[in-house]
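In: this is a predicted model, with the sequence first.
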Amino acid sequence: MTGSGNFFASEDGGNSSPVVILGAGLTGLSAAYHLRGPSPPPFLLVEKESQVGGHARSHREQGHTFDVTGHWLHLRDDRCKALLAALFPQSPDDPESAWVEVERKTKIHSHGVELEYPFQANLHGLPLEVVQECLLTLVEAREAAARGERWATSPADFEEYARARFGAGIARHFFVPYNRKLWGMHPNALAPAWVRRFVPEPDPGQIIAGAIGLKQTGLGYNARFSYPRAGGIDAL
């Protein structure tokens, strides 16, 4: 195999390769990387762009770096952590490290105020009638679940999930408009199965605490993440 940085391709791939990898994004590069071994099969890695990396590419313009899309590393799988440590052996705390550990700083602009993330756990600062609506409908959703109502126990779409988990108020003031903008479709057309990992689910106590001004921070899957110390995400 021949390599350039973290990119590997089979020397004897060509048209007879039993393995063809379509796309040199992170998934394709990882597949090629892990095909290494004592007797690796020949493979052909096909990429239409002039630069590998897929959506983890970066562009330079007038001294500035622009990532194609938002990527940062919040790894939970020990195998992924071990691979990153092997490719970039320095600790993120090492000033010479290629990576830096970053604490997420996210704000939500709603009703003319900036709230801490996530919205559902930091209602304080919103108009009082909005806070009241959010808390009352949270209670109503939990009561509906206790009665076994279908929408509250087995939501059929993402909008129902938001209403069931957080109440109609939080769904109306945040989840529906935000996700309609993010996905380009109404949340009632989105499946709810994917949300467990990506949507912070504070318990009622945390939601009430956030509503009275006790900030709820560090929630969510990416409260801390790693990012290249210099340059863009294409360091991967």
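Out: Structure received. Residues are numbered from 1 along each chain as shown.
In: and the average pLDDT for the longest helix along the chain is what?
Out: Using DSSP state H to define each element, the chain has its longest helix at helix 128-146. For helix 128-146, mean pLDDT is 98.
In: residue 154 versus the closest residue to residue 183 other than its chain neighbours, what's the distance?
Out: Leaving aside its chain neighbours, residue 183 sits nearest to residue 190 (6.3 Å; criterion: CB to CB, 6 or more residues apart in numbering). (Each C-beta comes from the backbone N, C-alpha and C, glycine too.) To residue 154, residue 190 is 16 Å away according to CB to CB, to the nearest Å.
In: show me the contacts for the most centrally placed residue in the chain.
Out: What sits nearest the mean C-alpha location of the chain, by CA atoms, centre = their mean, is residue 198, with 6.3 Å. Counting by CB atoms under 8 Å, 6 or more residues apart in numbering, residue 198 touches residue 221.
In: what segments of this structure are strands?
Out: 2-4, 7-9, 19-22, 43-46, 58-61, 64-67, 99-103, 107-110, 113-116, 224-228 (DSSP state E).
In: got the ones you listed as CSV, with mean pLDDT and distance to residue 81 columns?
Out: Supplementary listing: those in CSV, determined by pLDDT from 0 to 100; distance: least, CB to CB, whole Å:
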stretch, mean pLDDT, distance to residue 81
strand 2-4, 41, 22
strand 7-9, 46, 21
strand 19-22, 89, 24
strand 43-46, 88, 25
strand 58-61, 91, 23
strand 64-67, 91, 22
strand 99-103, 83, 12
strand 107-110, 96, 29
strand 113-116, 96, 28
strand 224-228, 85, 10
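In: hang on, the earlier thing: when residue 190 and residue 154 are compared, which one has more neighbours?
Out: residue 190 (18 against 13; other CB atoms under 10 Å).
In: tally of neighbours for residue 184?
Out: 7.
In: repeat for residue 228
Out: Residues lying near residue 228 (other CB under 10 Å) number 20.
In: adjust the sequence numbering to begin at 618 for everything that follows.
Out: Will do, 618 is the new start, and the previous item becomes residue 845.
In: please name the nearest non-neighbouring residue to it.
Out: Counting by CB to CB, 6+ apart, the residue nearest residue 845 is residue 852, at 4.1 Å.
In: likewise residue 752?
Out: Residue 752's closest residue in space is residue 828 (CB to CB, 6+ apart), at 6.0 Å.
In: so the one you found makes contact with residue 736?
Out: No. Using CB atoms under 8 Å, residue 828 makes no contact with residue 736, being 11.2 Å away.
In: sorry, back to before: the residue nearest to residue 845 and residue 704 touch, don't they?
Out: No. Distance between residue 852 and residue 704: 9.5 Å, which falls outside the contact criterion (CB under 8 Å).
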